[in-house]
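K.L.:
next input, structure requested:
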Amino acid sequence: MASQYLVGKELCRIGRAVLDLVRSRHLSSVGAGGFTRSSLVALGIFCALPVAATAALYLSIPDETLTAAPNQVLTTEVVRLPDLRGQMAAIEAVPDPISHDIFVRPAETLSSLLARLSIRDPQAADFIVRHHEAGALIYPHAGQFVSATASEDGRLQDLKLYLDSNVTDAGSLIHVSRDAKGKLSLEVAPYEYEVELTMVNGFVGNSVDESLQKSGVPQPIVRQMHSAFDYDLDLVSQLKKGDAYRLIYETKFADGSFVRYGRLLAMQLDHDGQTTELFWFGGDGIGGNYYDAKGNIAKRIFMRVPLDVKSVSSEFSPLRRHPITGIVRPHWGTDFRAPWGAIVRAAADGVVTFAGVGTGYGKYIRINHGPDIQTLYAHLSSIDPDIKKGSVVKHGQIIGRVGQTGLATGPHLHYELKMDGVQINPMTVRLPDEKTLSPYRYAQMEVLIAPLRARLSLLKKVQTVGLSQLEKEDKKKTQP
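P.N.:
Numbers count the residues shown, from 1 in each chain. Predicted coordinates:
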C-alpha cells in the first residue's frame, strides 16, 4: 500500500506540472502567433508519462490479489474399522488377580498362611515344602510381612515373605513366583527396606504409657524406651505429669507397604529439671546399646542378679549338703528364693546354647555371652517360647519363669556363672562391665548421632514454643 500511495502522489505532481506547462505555452502562443513543433512534442511526452506510470503500477500488483480463490470440494469416505469384539471378550474372560498384604500371626503355619492369602494351590504348597531355602515360609515368625497375588481359582502367581530381624538391621526376601508357562521358581535375596525417620514429642499426663500412646508412639517403640534402662532403674517409668519426651525412631516399608517399626534411634526425657539424652549405637562390639552424648552406656552390661526378687536362699559354696540327696558336694551356683512364676532375665547379651530339660536341673537355659563367659538358669517352671538353641538374647530380656522342676525342695532359681571354663560366685566376682566407649568407637558414634542431635534440638524448640503459646492462652482465659 505504501508504494501505491507514493506512485499516486507522484502522478498528481506530474499532472499539475503538465497543466502549468500547457497554460504557459498557451499564453506564449497567443503572443507569438501559435504552438511550435517543439512545444507540441514536449506536450506529448508529458501527457504520456501518467499513462506509463499507471501501467507500471498495475503490473506491480501481485498476481494472487487478482486471482479468485479456487473452488473446494468436500468428499466423504467410509472407513471400516476391524472387528475387536472377539479380542474384548477374550480380555474380559481373563479373571482379575487377587492381591493380599498381611502380617504373620502367632503360631502361623504354611497352610494357614496360604489360606489367609486366598491361595488354594497344592502344587505351590508342595513346591515350597520341597525347597529348604523356603523354610521360613513353612513356620513363619509372627509379625513378618507377606505379599501375595493369586488368580480367582486360587492358583498362586506371586508370593513374597519379607524377613526382618529384630536383632540386626539386615533383611532378606523369599520370592516364589509362577511364569506364563506355569513353572514355579524360588529366589532368596538380600533386601533393603525403605526407612523413614519419625519424630514425636509430647508431655506426660496421668500415665506415661497412656500419654505415649495418645501421641501415636507405637508399642514396639515404647518397649524399646523401657529396655534402654535397667529394669530396676527405668527412667521412663519414673516420668511424671508435666515431664516432656522427644523421640526419633524408624518406620520400615517394603515396596511402598508398611512392614514394621524399626529401631528407636534417639530420645530426650525431661524429668526433675534434668534432661536425659540417649542414642542407639550398634557399633559398640557387644551387639548395640543406648549411650549418652559422652559415650556412657545407659545400663549395666552384666546383671549380677537376673531376677526381680533378690533373696538368696543358698549361696555359692565349694561344699554343701544337698537338701534332697543328703550328699555333700560343691554348690556351683547361687539359689535365689522367689515365688512360682517370678520373671527370670538374661544376665547379658548372648546366644542360647541350650533350652530344655535336664536331669537334676529340671527345665534350664544356658547362654553364651562371648569369649569364655556362660550363665545357667535352672529349675524353671517354663521357658519363653522365643528362647531356643541359637536364639539371640539381650540384656534383661525375659527368658523364663521361676519354678520347682528337677531336684528342688521349693520354687527358686539356681543361677551359675562360668568364666574361662571355671564356675565362680556371681555375687562376688568382678563382672565384665565396660561402661564407656573407647575413643575410636566414640568418634564413630559422634558422627552418627550428630544429625539426630540436631533433630532433637529442633523438636525441643517446637515443643517450647507450643508450651509458651498454651500458657498465654491459659492466662487470657483466667483474666477477668
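
K.L.:
show me where the stretch 101-250 of the chain has its strands.
P.N.:
Per DSSP state E, counting those that start in this stretch, the stretch 101-250 of the chain carries strands over the ranges 145-150, 156-164, 171-178, 184-190, 194-203, 244-254.

K.L.:
got any ranges where the stretch 101-250 of the chain has weak pLDDT?
P.N.:
Along the stretch 101-250 of the chain, the parts satisfying pLDDT under 70 run over 165-170, 231-232.

K.L.:
rerun that using 50 as the cut-off
P.N.:
167-168 (pLDDT under 50).

K.L.:
coming back round to it: out of the strands of the stretch 101-250 of the chain, nearest to V217?
P.N.:
With C-beta to C-beta as the criterion, V217 lies closest to strand 194-203 of these, at 5.6 Å. No exception for glycine: its C-beta is placed from N, CA and C like everyone else's.

K.L.:
partners of that closest one in the sheet?
P.N.:
The pairing partners recorded for strand 194-203 under DSSP bridges are strand 244-254 (antiparallel).

K.L.:
E187 reaches L161, doesn't it?
P.N.:
No - in this structure E187 lies outside contact range of L161 using C-beta atoms under 8 Å: 11.4 Å.

K.L.:
common neighbours of the two, please.
P.N.:
173-174 (C-beta atoms under 8 Å, 6 or more residues apart in numbering).

K.L.:
quick one, which of these two is more surrounded?
P.N.:
L161 (23 against 12; other C-beta atoms under 10 Å).

K.L.:
the more buried one bridge partners, please.
P.N.:
As for beta bridges, L161 partners with V146, I174 under DSSP bridges.

K.L.:
that one against S172, yeah?
P.N.:
No - taking contacts as C-beta under 8 Å, L161 lies outside contact range of S172: 9.1 Å.

K.L.:
wasn't H395 part of a strand?
P.N.:
No - assessed with DSSP: H, G, I helix; E, B strand; the rest coil, H395 is coil; it does not lie in a strand.

K.L.:
so how far is T251 from the residue nearest the centre of the chain?
P.N.:
Per C-alpha atoms, centre = their mean, the C-alpha nearest to the average position across the chain is that of V195, at 2.7 Å. The gap separating V195 from T251 is 7 Å, by C-beta to C-beta, to the nearest Å.

K.L.:
overlap in contacts of these two?
P.N.:
G262.

K.L.:
near T251, how many other residues are there?
P.N.:
Applying other C-beta under 10 Å, I find that T251 has 17 neighbouring residues.

K.L.:
T109 too?
P.N.:
Neighbour count for T109, taken as other C-beta under 10 Å: 14.

K.L.:
list the contacts of the residue lying closest to S185 once chain neighbours are set aside.
P.N.:
Using C-beta to C-beta, 6 or more residues apart in numbering and skipping residues adjacent in sequence, the residue nearest S185 is S177, 5.7 Å away. Contacts for S177 (C-beta under 8 Å, 6+ apart) come out as 157-159, 184-185, 187.

K.L.:
do the same with G362
P.N.:
For G362, the contacting residues are 378-380, 403-408, by C-beta under 8 Å, 6+ apart.

K.L.:
can you map out the strands along the stretch 251-400 of the chain?
P.N.:
Using DSSP E, counting those that start in this stretch, strands in the stretch 251-400 of the chain cover 257-271, 274-281, 289-291, 311-314, 317-321, 328-331, 334-337, 343-345, 350-357, 363-368, 373-383, 392-393, 398-402.

K.L.:
include distance to G135 when you put those into a markdown table, please.
P.N.:
Shown next, in a markdown table, are the strands of the stretch 251-400 of the chain (distance: least, C-beta to C-beta, whole Å):
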| stretch | distance to G135 |
| --- | --- |
| strand 257-271 | 20 |
| strand 274-281 | 30 |
| strand 289-291 | 31 |
| strand 311-314 | 43 |
| strand 317-321 | 46 |
| strand 328-331 | 42 |
| strand 334-337 | 39 |
| strand 343-345 | 30 |
| strand 350-357 | 19 |
| strand 363-368 | 24 |
| strand 373-383 | 23 |
| strand 392-393 | 18 |
| strand 398-402 | 24 |
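
K.L.:
which one of those lies nearest to L431?
P.N.:
Nearest of those to L431, taken as C-beta to C-beta: strand 373-383 at 9.2 Å.

K.L.:
that closest one packs against which elements?
P.N.:
Where contact means 3 or more C-beta pairs under 8 Å, 6 or more residues apart in numbering; DSSP states H and E, strand 373-383 is packed against strand 350-357, strand 363-368, strand 398-402, strand 412-419.

K.L.:
paired strands for that strand, with orientation please.
P.N.:
By DSSP bridges, strand 373-383 pairs with strand 363-368 (antiparallel), strand 398-402 (antiparallel), strand 412-419 (antiparallel).

K.L.:
quick one, domains of this protein?
P.N.:
2-63, 96-190, 194-301+434-480, 311-424 (automatic domain parsing).

K.L.:
which one of those is the most hemmed in?
P.N.:
Stretch with highest mean neighbour count among the domains of the chain: domain 311-424 (a mean of 17; mean count of other C-beta atoms under 10 Å).
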